[in-house]
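Undergrad: okay, sequence plus prediction incoming.
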Amino acid sequence: MKQLSIRIRALIFSMLTFVILGALLLWVVLLLSAQVRDQRTLDSYYRYLNFNNNLENFIISHSNILYGFSAYINTFDNLDDNEIYDYLENLLENNSEYIRNVGILKDTTIVWNYPRENNSAAIGVDLALVESQAPQILLVKEQNRKVFQGPVNLVQGGIGYIIRIPIRKNGLYWGQASIVIDGDQFIRFMDEISRQANIQVLVQDNGQNQAVMYGDTAILEKKTATISMSNDFGIWEISYIPIDPNPRNLYSSIILVILMGSSIIVLITLVLYRYILKNLHLANQNISLSQTATTDRLTGIFNRSMLESYILSELERSDKLGYDISLILFDLDHFKNVNDTYGHDAGDRVLINTVSRAKEIIRKSDFFVRWGGEEFLVILPGINLNDATRLAEKLRIAIAGIDHTDVGTVTMSAGIAQRLEFEFWTSWFKRADKALYKAKESGRNRLSISMDMEPIKKESANLQWKNEWFSGNTKIDSQHKTLMEDANNMIEVFKVDPEKFSVLYDKFIQSLEVHFRYEEGILNRVGYPFLEEHQKIHSHIISSIKRTEENMEYYISSPEVLFDYILEEILIGHFLQEDFKFFNYL
């Protein structure tokens, strides 16, 4: 179940990343699509401008011919046919590629048509009576407008596009001038400028009810752009779409981004899933290891390892704030008989029941530790010896009153000790342990109080390095050996010249700090899971040993106490107990 929970959490984290990266990829794709779309729109518009410029130039150039001819007609009252044909011949000398004929209408009837060949049949025809041309003829006459019409069925046969302009004399309508552009030639011209612009075009005349002048209306079914083109002949609607040899090439970069981005996202998601899954496993293992390292697995209270971390900071606070602090050390009487008679399972139930009842008696602020098999320890901050004794008696009565199934009752014996000013942990604990031994020797199921007014002293002995103390790191082992030699040297120097002791003591503290920093760096590199806890212990030791300098006069008078602290708590107690935990990692 726990394994499944870890996988689900890893999956949620990785899928969340997948969604975020997917949204980012989508945003990039939309941005690229918009840029491509905008680029295509802009490119398409530039293509249209190219087409439009060519078309306008074509119309203007042919309109200018009519304007010149119209001015000529308007200048002379008496017009000779030969002169007119000569004028038109000169006028069209270099502009006849697309022109089929040029005509002059007096009122609405054709009176001149150039060239004469193939067009003489149209002379004399009143175009106001020709159904296909009458509306435009009358539009020019009645509204004095210029007209472009086409495609138109011509009187003389064939298809053409006609440009018509009014001719006025003395401010009054006289007639019309017109140019007929060959239909096939005009279509070829339009095809050519469309091809050059690389667009497909539809041209419609708004003035002729959207009459199609060029192109296929089928393009309107596609996504076309439409622009209204205003000119001298009215408003034309020009619809166009770009022509691409291979439209897919326009989006090839986007498709490539999608494929690559999707592959990268999937890869990142899979790698992240495995990474998160691995780290969640490690985190759970570290939590489990941390709990195992600090908590007694059977009873759930703190274990001896946790006490070593706690006691240093607690003693430091006690020294700074000056409050009382006491210790109850108790164990269960004849517990070996319980295991031998009823089995270890029954013995475990007795321990669990004892801890459960004891937790009901002590305060939440008290530090409850399983010290050994059936031995327990309670640190009581802010409690003096008398109050600690009363609490221990409550514990004794409560524990003796437990009815353990199949086992019956099990009593306890306890030793109580109040910490003396600046007393080291080892000395304080030994006084409580001595009191506990006395309680047992006196018959068990009772309390014994340590009444010692001074810390327990012992004759200090030099430490000798042992092969089982090798950690696996040469420099750490070298530093451990050096610190032990320095400690032994301090003891020997004190016996001969106590005044030099302080100098050596300061040097010892500096060496200890250097060692701690180096050791923490090594543990960090090897990934020691309890590095933070180990660093806190280092910090407490340095704080504690520096505080001894503030009370050096007291310790000079009782050097055995200080030496015992250095040798047993710092060197043996820490190096050979706490440090031993990381040996396997080296």
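TA: Nice, I can see it.
Undergrad: how about stretch 220-230: buried residues?
TA: T224, M229 (16 or more other CB atoms under 10 Å). Yep, even glycine has a C-beta here, placed from its N, CA and C like the rest.
Undergrad: just the mean pLDDT for that stretch, thanks.
TA: Taken as a whole, stretch 220-230 carries a mean pLDDT of 81.
Undergrad: what's the end-to-end length of stretch 416-426?
TA: Stretch 416-426 has its terminal residues 15 Å apart, counting by CA to CA, to the nearest Å.
Undergrad: mind checking how far that stretch is from the chain centre?
TA: Taking the mean of its C-alpha atoms, stretch 416-426 sits 53 Å from the chain's own mean (CA atoms, centre = their mean, to the nearest Å).
Undergrad: confidence score at L315?
TA: 84.
Undergrad: in what helix or strand does it lie?
TA: Element membership for L315, per DSSP states H and E: helix 304-321.
Undergrad: need the contact partners of that helix.
TA: Helix 304-321 is contacted from outside by 293-295, 302, 323-325, 367, 369-372, 377, 379, 381, 419, 422, 424-425, 533, 536-537, 540-541, 543-544, 547, 573-574, 577-578, 581, using CB atoms under 8 Å, 6 or more residues apart in numbering.
Undergrad: pull out the buried residues from that helix.
TA: In helix 304-321, the ones that count as buried by 16+ other CB under 10 Å are S305, M306, L307, E308, S309, Y310, I311, L312, E314, L315, S318, D319.
Undergrad: again with stretch 15-29
TA: T17, F18, L21, G22, L25.
Undergrad: please apply the same query to stretch 229-241.
TA: Neighbour counts over stretch 229-241 (16+ other CB under 10 Å) mark M229, F233, G234, W236, I238, S239, Y240, I241 as buried.
Undergrad: those residues in strands, which ones?
TA: M229, G234, W236, I238, S239, Y240, I241 (DSSP state E).
Undergrad: between which two of those is the distance greatest?
TA: With CB to CB as the measure, no two of these lie farther apart than G234 and I241, at 23.7 Å.
Undergrad: what's downstream of the top helix by length along the chain, the next helix or strand?
TA: Criterion DSSP state H: the longest helix present in the chain is helix 2-75. Remark: after helix 2-75, the chain's next helix or strand is helix 81-91, criterion DSSP H and E.
Undergrad: so which other helices or strands are in contact with that following helix?
TA: With contacts taken as 3 or more CB pairs under 8 Å, 6 or more residues apart in numbering; DSSP states H and E, helix 81-91 sits against helix 2-75, strand 99-106, strand 109-114.
Undergrad: taking helix 81-91 as reference, get the angle to the longest one.
TA: Counting by axes from the mean of the first three to the mean of the last three CA atoms, to 10 degrees, helix 2-75 points 150 degrees away from the direction of helix 81-91.
Undergrad: from the contacts of helix 304-321, which land in strands?
TA: I325, F367, V369, R370, L377, I379, P381.
Undergrad: among those residues, who's most crowded?
TA: With neighbours defined as other CB atoms under 10 Å, the most crowded of these is L377; it has 25 neighbours.
Undergrad: export the helix or strand that contains D387 to CSV, keeping only CA atoms.
TA: Per DSSP H and E, D387 falls inside helix 385-400. Coordinates of each C-alpha in helix 385-400 appear next as CSV, following Å, rounded to 0.1, in the frame of the first residue of the first chain:
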residue,chain,number,x,y,z
LEU,A,385,15.2,16.4,43.8
ASN,A,386,12.2,16.4,46.1
ASP,A,387,9.7,16.8,43.2
ALA,A,388,11.5,14.2,41.2
THR,A,389,11.3,11.7,44.1
ARG,A,390,7.5,12.2,44.5
LEU,A,391,7.1,11.7,40.7
ALA,A,392,9.3,8.5,40.9
GLU,A,393,7.1,7.2,43.7
LYS,A,394,3.9,7.7,41.6
LEU,A,395,5.6,5.8,38.8
ARG,A,396,6.6,3.0,41.2
ILE,A,397,3.0,2.6,42.5
ALA,A,398,1.4,2.9,39.1
ILE,A,399,3.7,0.3,37.5
ALA,A,400,3.3,-2.1,40.4
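Undergrad: now that helix: buried residues?
TA: For helix 385-400, the neighbour count (16+ other CB under 10 Å) marks L385, A388, T389, L391, A392, L395, R396, I399 as buried.
Undergrad: packing partners for it?
TA: strand 325-332, helix 344-361, strand 375-381, strand 412-418, strand 447-449.
Undergrad: what angle separates the fourth one from helix 385-400?
TA: In other words, strand 412-418. Going by the same axes, to 10 degrees, strand 412-418 makes 170 degrees with helix 385-400.
Undergrad: paired strands for strand 412-418, with orientation please.
TA: Strand pairing for strand 412-418, using DSSP bridges, gives strand 325-332 (antiparallel), strand 447-449 (parallel).
Undergrad: could you report the pLDDT at the spatially closest residue to F302 that is not a sequence neighbour?
TA: Spatial nearest neighbour of F302, chain neighbours left out: V369 (4.7 Å); criterion: CB to CB, 6 or more residues apart in numbering. Turning to V369, the model gives it a pLDDT of 95.
Undergrad: I'd like to know how far V369 sits from S309.
TA: Taking CB to CB, to the nearest Å as the measure, V369 falls 11 Å from S309.
Undergrad: out of the helices and strands in the chain, which is least certain?
TA: Among the helices and strands of the chain, helix 552-557 carries the lowest confidence by mean pLDDT, DSSP states H and E, at a mean of 67.
Undergrad: which non-adjacent residue is nearest R357?
TA: Computed as CB to CB, 6+ apart, the closest residue to R357 that is not its neighbour in sequence is A398, at 5.2 Å.
Undergrad: and the one you found, how far is that from F330?
TA: In terms of CB to CB, A398 sits 12 Å off from F330.
Undergrad: and R116, its phi and psi?
TA: Dihedral pair for R116: phi -70, psi -40, per degrees, to the nearest 10.
Undergrad: burial of it, as a residue count?
TA: Residues lying near R116 (other CB under 10 Å) number 12.
Undergrad: okay, it: pLDDT?
TA: On the pLDDT scale, R116 is placed at 73.
Undergrad: the residue lying closest to Y214 once chain neighbours are set aside: how many residues sit nearby?
TA: Closest residue in space to Y214, ignoring its immediate chain neighbours: V203 at 4.4 Å, by CB to CB, 6+ apart. Neighbour count of V203, defined by other CB under 10 Å: 19.
Undergrad: now for L202: which residues touch it?
TA: Going by CB under 8 Å, 6+ apart, L202 touches V212, Y214, G215, D216, T217, I219, L220, T224, I238, S239, Y240.
Undergrad: and V28, by the same measure?
TA: V28 is in contact with V257, G261, counting by CB under 8 Å, 6+ apart.
Undergrad: that one and D38: what is the separation?
TA: For V28, the distance to D38 equals 16 Å [CB to CB].
Undergrad: try E421
TA: For E421, the distance to D38 equals 83 Å [CB to CB].
Undergrad: for F580, same thing?
TA: 70 Å.
Undergrad: for the two, work out which one has more neighbours and name it.
TA: Neighbours around F580 and D38, counted as other CB under 10 Å, are more numerous at F580. The numbers are 13 against 10.
Undergrad: Three-state assignment for the residue nearest to I179 when sequence neighbours are not counted, please.
TA: For I179, ignoring the flanking residues on the chain, the nearest one in space by CB to CB, 6+ apart is I163 at 4.7 Å. Secondary structure for I163, judged by DSSP: H, G, I helix; E, B strand; the rest coil, is strand.
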